[in-house]
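Q: give me coordinates for this.
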Amino acid sequence: MRFKNIIGQNNLKSKLTKEVLDKKISHAQMFLGEPGFGALPMALGFAQYLFCENRTEEDSCGICPSCKQVNELQHPDLHFSFPTVQSISKTSDGLLSDWRKQIKEQVYFSAFDWIKRIDPKESKPIISVFESSEIQRKLRLKSYQGGYKVLIMWLPETMNAACANKILKTLEEPPEKTLFLLVSANADGLLDTIRSRCQIIQLQRIDSVLIAEEISRKFNIDKEKCQSITSFSQGDLLRAYEIASSNEDEDALKDAFMAMMRSSYKKNVIEMMDWAEVMSKKGRERQKIFLKYTLHMLRQCIVKNYMGEKLVQVSQEEGAFIERFSPFVSGNNIRDFMKTFDEAFYQLERNANPKILFTLLCFQSMRLLHKH
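A: The predicted model follows:
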């Protein structure tokens, strides 16, 4: 992957190219950020730039044999490690074909996207001690092309303790010209001993203008819808992709949110139950997008209440609703609101019964709306 094909993060691109050109490359680096910020694409772009035979000051050439090999995820000195479902494969090597397909189809993807691809049962994947043995074996080998060996580890926070402890020694004293690129969405999930040995590279939210340009180009949507999706994404390109590619119009999200909050505020139990019934019949991905959308709208209410209308990032229609609804969201209930919907998202990803989940959400919202 070339840097020019990665959306945003221009300051980071400049930093990484300078690191290579100055030959001052830290042997262990952690790209930290939400999947939609582009941490994995950035690690791939960095590896390609490092291997490129005709690099410029700004990017890899994209046409030399090394660039082509990285682009096909087939470079002999580029290794991958990622969480696997142990009943399917103990190590990453057994799922490399799926890994390559995922990246080629969509390089911005979440842990749940990966789970769905590799396991119909959606079991929890880990990076196990079997993987650490494979990593050590691969990195002991000589470089095929006489340069760097690069290991990209995706979601290192999924390492179990046995794996993390075993890999620590290699991370502390790696073989010559060995580069670890850890791609993490949650550094707090890592052992302190692992985290402290990495140079942390924090990715930033992608500029809203760039997200608007990208989804407008990719999905050919009108300006009003583009504005709504962009504000909802909050700098996360994956989130923008999810809503833009959804089968339903995003107006359905707004309507569902308004209906839920109105029936909950009125304490109309029949309407609340009917609403939960309808929502429970939607696809799980659509349900997850709705929960993300609700969190977004609640945040915008707080922004309006405490920071002013000018900083609110919503479409015109959403803004009209927030004008009426925001007085019911305050410092007294916002933390509980956020916790409630975050927990619902967590449970939904783990196959909670949607009818029970959304019914409970309505009753919890009713309680919180009258707490403001």
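Q: can I see the domain layout of this protein?
A: The chain breaks down into these domains under automatic domain parsing: 3-202, 208-245, 249-369.
Q: make CSV out of the ones you listed and add mean neighbour count.
A: Where C-beta positions appear, they are placed from N, C-alpha and C, glycine not excepted. Output for the domains of the chain, formatted as CSV (neighbours: other Cβ atoms under 10 Å):
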stretch, mean neighbour count
domain 3-202, 18
domain 208-245, 19
domain 249-369, 17
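Q: least confident of those domains, on average?
A: Sorting these by mean pLDDT places domain 208-245 lowest, at a mean of 84.
Q: now the terminal residues of that one, how far apart.
A: End-to-end distance of domain 208-245 (Cα to Cα, to the nearest Å): 18 Å.
Q: how about stretch 160-180?
A: From its first residue to its last, stretch 160-180 covers 18 Å (Cα to Cα).
Q: got the contact list for it?
A: 25, 27-29, 47, 50, 126-129, 131-133, 135-136, 139-140, 143, 147-151, 153, 159, 190-191, 193-194, 197-198 (Cβ atoms under 8 Å, 6 or more residues apart in numbering).
Q: now the strands for the stretch 101-250 of the chain?
A: 149-154, 178-184, 199-202 (DSSP state E, counting those that start in this stretch).
Q: partners of the second one in the sheet?
A: When sheet partners are counted by DSSP bridges, strand 178-184 sits next to strand 28-32 (parallel), strand 149-154 (parallel).
Q: Ser92 reaches Leu73, doesn't it?
A: No: Ser92 lies out of contact with Leu73 (Cβ atoms under 8 Å); the separation is 11.9 Å.
Q: so which of the strands paired with strand 178-184 is nearest Met258?
A: strand 28-32 (35.9 Å; Cβ to Cβ).
Q: gap between that closest one and the chain center?
A: Centroid separation for strand 28-32 versus its chain: 15 Å, with Cα atoms, centre = their mean, to the nearest Å.
Q: same thing with stretch 362-372?
A: With Cα atoms, centre = their mean, you get 30 Å for stretch 362-372.
Q: what's near enough to touch Leu155?
A: 82-83, 111, 127, 183-185.
Q: greatest separation within these: which pair is it?
A: Pairwise distances across the contacts of Leu155 (Cβ to Cβ) peak at 13.8 Å, for the pair Ile127 and Ala185.
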